[in-house]
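*Asks:* sequence first, then the predicted structure, then my questions.
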Amino acid sequence: MRFQAGFVVMALAIIPLSAHRASGQTPSTADIQKLLAENIAHRDAGQWDRYLDGFTSDATALSSAGRWEKGRAEMLKGLQETFAAGVYKGAQSKVAVQSVQTIAPGVVLADLTWELSNLPGGGTRKGRAADILVKSGDTWKIAAARNMVPAPAGAMKPNP
């Protein structure tokens, strides 16, 4: 009898999870990888509108340099200042999704690494990011992007 009760409890726990996955609410790591890589390709090509279409209208972003942006207008200004004419003009990007975790139905957290290459003056910039994506119609859009560049632990040296 205990076995049967345990089986019923386990089945009741597993069936909703299976139904949730079958309904397409949780994209795979490969799905998010493809979506973000296509989106980044638009940024690298200077297709700002197409790039921003990958975000919700009220999305927020924190750049690896510490710049906060909210909404399409601020994000467009940031793109124009850093990628169109600034320090990342001509940069090429790579993104690698490390994991995708469901937070709620239609909401996922994607942990990723990224690299900017072909920077003016040479070199690369590597970092990590956490993106929150929400289901919007038949696709997923970025609602929040948080980028960072790892720094050594301990106190930072003051700028002269």
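*Replies:* Okay, I see it.
*Asks:* tell me the strands beside the one helix or strand Asp111 maps to, with direction?
*Replies:* In the assignment (DSSP states H and E), Asp111 maps to strand 107-117. Pairing partners of strand 107-117, with direction, according to DSSP bridges: strand 92-104 (antiparallel), strand 125-136 (antiparallel).
*Asks:* residue closest to the middle of the protein?
*Replies:* Asp131 (3.1 Å; Cα atoms, centre = their mean).
*Asks:* how far away is that residue from Gly122?
*Replies:* 28 Å (Cβ to Cβ, to the nearest Å). Backbone N, C-alpha and C define where each C-beta goes, glycine included.
*Asks:* now swap in Arg72 and tell me
*Replies:* 32 Å.
*Asks:* cool, Arg50 as well?
*Replies:* 28 Å.
*Asks:* quick one: which of these two has more around it?
*Replies:* Neighbour comparison, Arg50 and Gly122: the larger count goes to Arg50, with 14 against 7 (by other Cβ atoms under 10 Å).
*Asks:* so what's the more buried one up against?
*Replies:* Shown in contact with Arg50 (Cβ atoms under 8 Å, 6 or more residues apart in numbering): His42.
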